[in-house]
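Below is the sequence, then the predicted model.
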Amino acid sequence: MPKRFASIWFRHLLTDWKAIRQPGLKGKAYVFAEPDHGRMLITALTDAARQYGVTEGMTVADARVIAPDLQVFDGKPGHNLKLLTGLAEWCLRYTPLVQLDPPDGLLLDVTGCAHLKGGEKAYLQEIVSRLKALGYDVRPAIADTIGAAWGVARCATSGLVVPEGGHRNALMPLPPFALRLSMDQLLKLRNLGLHQISSFIHMPDTVIRRRFGKSMVLRLHQALGQEPEYLFPLKEPVSYTERLECLEPVKTRPAIEIALNNLLERLCKRLYGEGLGLRSAALTWYRVDGKNGNITIGTNHASNRVQHIFKLFFIKLDTVAPGLGIELFTLDALKTEPVSDKQSELWSAKSGADSEEVAELLDRVAGRIGNAAINRYLPGEHYWPERTPKPDISLKEKPGSEWRTDKPRPMQLLAHPEPIEAMALTPDYPPKLFIWKGVQHIIVGADGPERIEREWWLEPGEHRDYYIAEDEAGRRYWLYRSGHYNAANNQHWYLHGFFA
Amino acid sequence: MQATKQEIIDKLRGELLTWEGFKPPQPGKNNHFGLGTLETAFPNGVFPTGAIHEFISSSPEDTAASGGFIAGLVQKLLSSGGACLWISYTRRIYPPALKLFGVDPDRVIFIDVPLQKDVLWVTEEALKCEGVATVICETKDLSFTESQRLQLAVEKSHVTGFVLRKDVRKMNTTACVARWQIRPVRSQLRMGMPGVGHPRWQVELLKVRNGKPGNWTVEWKRQSFQTIILPSIKEPARRYA
C-alpha cells in the first residue's frame, strides 16, 4: 500500500490561540513579541496587523509607528510547541501516527485512514472544519511524501489532495520555499532567477550539489520520494489496539460499560487467535470538548479472558468523567505475553487447584489496594530473624533452599522488638520474671540461650541471646538480651515474639 | 417401641443435616482431620470444611496460639492442593514458623490490607475463588451481615475460611459454623526435665452448628494434634530455678 501523508499548517497558531482565549480580539491587529538583544521583536502577527505593513522580525517600536492601535502581547519561547503537542494529541483520533512539525505544523501518516471518513477529501475537510470550529485557521494537504505534502500545504492555493503519484507535477509550479530549504539556499535561488521548482528540478544532482550544497539534493529527493523519510510519532503506536467511535456522545455508566466490553471482546479475540494475553492495557476516552483521559490496568499473568479484564477495569471505572459526552474510546494492549495454559509450577495442582483463578483473584486485589499488599516469602539465607523470610515479588519463584525447622521460631513476630524489664539472677540464664506493658510475668520454664550474631557485613550492632520463656499461665514468649550479660545492671531485654 | 422411636428421631435428624448441607461421611473416604476425639463434636463426626470458622482472641498470646492451631488445620487442607491466603490488616505472623506446623510458607500468600473495610472485601473475593483451598482473615470486627456474606460465598465455592478476630470487645452473633477460642496452656515435659515442651492449647469450641460444644486440651506433637486427657491430680507448679 503506497504511503500517504498529510501536513497541517496552522497559519496563525499563536494569534488564533489568543483569539480563542479572548474572543474580543478577533479581527484586531495584535502581535506577539519576544525580547532579543535588548529589543522586542515581533514573532507572530494577525492578518489585520499585516495590512498595516507590519512583518515578522520587525521591532515593536517600529511597528507601533506604522500601526498606532497595535496590541502587543509577550510571547513565550516554546509556547508553540506546547500548543502543537496538544493539537497533535487531539489529532490522534484521525490517525495513530502524528508528528510535530515545528514551528507551526503537524505531520500525519494517513495511510489507510482516510477511507474511514469517506475519502481523502472528506477526511481533510473534516479536520479543517473541526479545527476551524475550535478557532484555528489551517491549511492541510495530502501527498505521497512528507516533503510534497508540506510544500503543497504551505504554497499551493488549490489541489490540496495530491493524487497518488502526482506529487512531482504538483510541486512543479511551486516556489522553492516549498522544498523546506534554508534561507541561504533560497536567497541564492532568487538571485539566480529560479522562482519555480520546475526551473531547476531537471538539473543534474551534481550541479545542484556543487552550487547549493548536499542538503538541497536531499530535500529535493525527499519531496520526490526518491529518498525515504520517516515520521517520529508523538506516541509510540501499540501493536494491538482497538477503537470504538460512538455515533452519539456517550455519558452514562451502562453505555461506557457496553463500549468497554465491546472493545475487550474484539481485542481478546485477536489476542486469543495469536496465542497472546494481556499483561497491561489502557482504556483511553476522548471527550467532545477535546479533553481525554485514560485508565490503566495490569495483570500478574498474561490473560485474554474478557470477563477477567473487564472486572479489573470495572474497579477503576468510577474515575471516568464523561463530561458532555465521550465520542471515542480506544483500548491499547500496552504489554502482551504468550499465554501459558496453566501455571502449575507454584500450586502443585493435584486436584482442582486452578491457579489461573488465583492469579485473577490477585489481579483484582492488586487493582483495588495495590500490588504492594500482596506478599509471598521464600527462605532467605540469613540467620537474623527479621531477614529469614525473603520477600518474593514474582509469585512464581520456587524456594532455593529448605525452610529450617531445627530451631523453634515464634508464630508471631513483632516488627519492632519491645523493651521489657527483666530480672535475671545468673549470667546466661533466662530471666526469672519480666514486666511487659505493666504486667508481670513469672517464668516457670525456659529454653535457651540461642545466640544470633548480627550480620556485620550488613549492619553494625550487638548480638542477641534468645530465650523461649513460658510463664505461669502457659503463655510462651521469645525474649532476647541485647549484647553480653554484665553485672552493672544495665542490660537490655526485649520481647520479640509469641509462640503458639 | 422406645428403641424404634429413638431410631426415627435419629433418622430424621440425619435427614435434617443433609438438607442443611452436611453430607454423611462416605464410607470409603478418610474423613479424619487428625483432631482425634475433638471431631466427635461436629455433626456426623466430620470437621466442617467449606465453611467459616471463627476464632476469638483477646491478647497477642491467644492470637499466636490460634495461629498455630489454624496452621495445623491448614496443613491438612493444603495437602489436596490449592492456594492459601492470609489476609490481615496488621500482620505479625512470622512465615518461617508455619513450617513447624507442616505448612510450606512459600505456598501462603500474605495480603496486608491497610484498611479494615478492605479486609472483608478481599476476604469475600478470595472465598469466592475456587482455586483457593483456604483463607485466613485476621480482622477486628465482624458483624452478623458480614459473616452471612462470607458464609454465602463459601457455600458456592467450598473454600474453608478462618476468621481470626483479634481484640474482641463484644461477642456478637455471627453466621459462622463454629466459634473457637484457643488459649495457650503450660506445656509439659517428662518429669523433672527443664525447658519448654510442645505447644499445648486449651481448645474451647464455644459454638458449633448442629454439634456439641466442648473443651479439650490439645498438643501439637510430631506434626499432628494430640488430645491430652489431663490427670485428675495436677502436679504442683514448679518454679524454674
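Structure's in. What do you need?

how far away is the nearest residue to residue A:195 once chain neighbours are set aside from chain B?
Nearest non-adjacent residue to residue A:195, counting by CB to CB, 6 or more residues apart in numbering or on different chains: residue A:175, 6.3 Å away. In this view, the C-beta of every residue, glycine as well, is placed from N, C-alpha and C. For residue A:175, the distance to chain B equals 67 Å [CB to the nearest CB, to the nearest Å].

Show the contacting residues for residue A:175.
Contacts here follow CB atoms under 8 Å, 6 or more residues apart in numbering or on different chains; on that basis residue A:175 touches A:155, A:195-197.

at 10 Å what do you get?
A:151, A:154-155, A:186, A:189-190, A:194-197 (CB atoms under 10 Å, 6 or more residues apart in numbering or on different chains).

Which of the helices or strands spans the residue of the stretch 51-200 of chain A found nearest chain B?
Nearest residue of the stretch 51-200 of chain A to chain B: residue A:89, at 35.4 Å (CB to the nearest CB). According to DSSP states H and E, residue A:89 maps onto helix A:79-91.

quick one on the thing from earlier: my guess is the residue of the stretch 51-200 of chain A closest to chain B contacts residue A:293, does it?
No: here residue A:89 does not reach residue A:293: they are 11.6 Å apart, not a contact under CB atoms under 10 Å.

so what sits against both of those two?
Residues touching both residue A:89 and residue A:293 by CB under 10 Å, 6+ apart: residue A:286.

What number of neighbouring residues does residue B:37 come out with?
By other CB atoms under 10 Å in any protein chain shown, the residues close to residue B:37 number 11.

And it, its phi and psi?
Residue B:37 adopts backbone torsions of phi -60, psi -20, taken as degrees, to the nearest 10.

Double-check it against residue B:227; I have them as touching.
Yes: using CB under 10 Å, residue B:37 is in contact with residue B:227, at 4.9 Å.

Mutual contacts of those two, please.
Joint contacts of residue B:37 and residue B:227 (CB under 10 Å, 6+ apart) are B:216, B:218.

In terms of helices and strands, where is the residue of chain B found nearest chain A?
In chain B, the residue that lies nearest chain A is residue B:68 (2.4 Å; CB to the nearest CB). Assigned by DSSP H and E, residue B:68 belongs to helix B:60-78.

related to what we said a few turns ago, for the residue of chain B closest to chain A, what are its contacts?
Contacts of residue B:68 were listed using CB under 10 Å, 6+ apart, and they are A:410-412, A:476, A:498-500, B:97-98, B:100-101, B:182, B:184, B:199, B:201, B:220.

In a helix, residue A:207, correct?
Yes: counting by DSSP: H, G, I helix; E, B strand; the rest coil, residue A:207 is found in a helix.

In three-state terms, how would the residue of chain A found nearest chain B be classified?
Nearest residue of chain A to chain B: residue A:500, at 2.4 Å (CB to the nearest CB). At residue A:500 the chain is in coil, as set by three-state DSSP.

for residue A:241, same thing?
Strictly by three-state DSSP, residue A:241 counts as strand.

That one reaches residue A:96, doesn't it?
Yes: contact criterion CB under 10 Å: residue A:241 and residue A:96 qualify, at 7.2 Å.

which residues are in contact with both of these two?
Common contact partners of residue A:241 and residue A:96 (CB under 10 Å, 6+ apart): A:330, A:332.

Can you tell me the centre-most residue of the chain?
Picked chain A for this. Taking CA atoms, centre = their mean, the centroid of chain A lies closest to residue A:235, which sits 8.8 Å from it.

Correction: the question concerned chain B.
residue B:70 (5.3 Å).

Once you drop chain neighbours, what's closest to it?
Per CB to CB, 6+ apart, closest to residue B:70 is residue B:162, 5.1 Å.

and residue B:231, what pLDDT?
Listed pLDDT for residue B:231 reads 60.

Helices of chain B, residue ranges please.
Taking DSSP state H as the criterion, chain B carries its helices at B:2-19, B:60-78, B:95-98, B:116-128, B:144-157.

Turn the ones you listed into a markdown table, including distance to residue A:24 and mean pLDDT.
Formatted as a markdown table, the helices of chain B follow (distance: least, CB to CB, whole Å; pLDDT from 0 to 100):
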| stretch | distance to residue A:24 | mean pLDDT |
| --- | --- | --- |
| helix B:2-19 | 81 | 83 |
| helix B:60-78 | 72 | 90 |
| helix B:95-98 | 70 | 90 |
| helix B:116-128 | 53 | 89 |
| helix B:144-157 | 61 | 89 |
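
residue ranges of the strands in the stretch 301-450 of chain A, please?
Per DSSP state E, counting those that start in this stretch, the stretch 301-450 of chain A carries strands over the ranges A:326-338, A:374-379, A:389-392, A:412-423, A:433-436, A:439-452.

OK, contacts around residue A:293?
Residue A:293 neighbours (CB under 10 Å, 6+ apart): A:283-287, A:319-323, A:326.

Are any of the residues you listed buried, and if so which?
A:283-287, A:320, A:322, A:326 (16 or more other CB atoms under 10 Å in any protein chain shown).

circling back: can you redo the strands of the stretch 301-450 of chain A as a markdown table with mean pLDDT?
Below are the strands of the stretch 301-450 of chain A laid out as a markdown table (pLDDT from 0 to 100):
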| stretch | mean pLDDT |
| --- | --- |
| strand A:326-338 | 87 |
| strand A:374-379 | 86 |
| strand A:389-392 | 81 |
| strand A:412-423 | 89 |
| strand A:433-436 | 90 |
| strand A:439-452 | 88 |
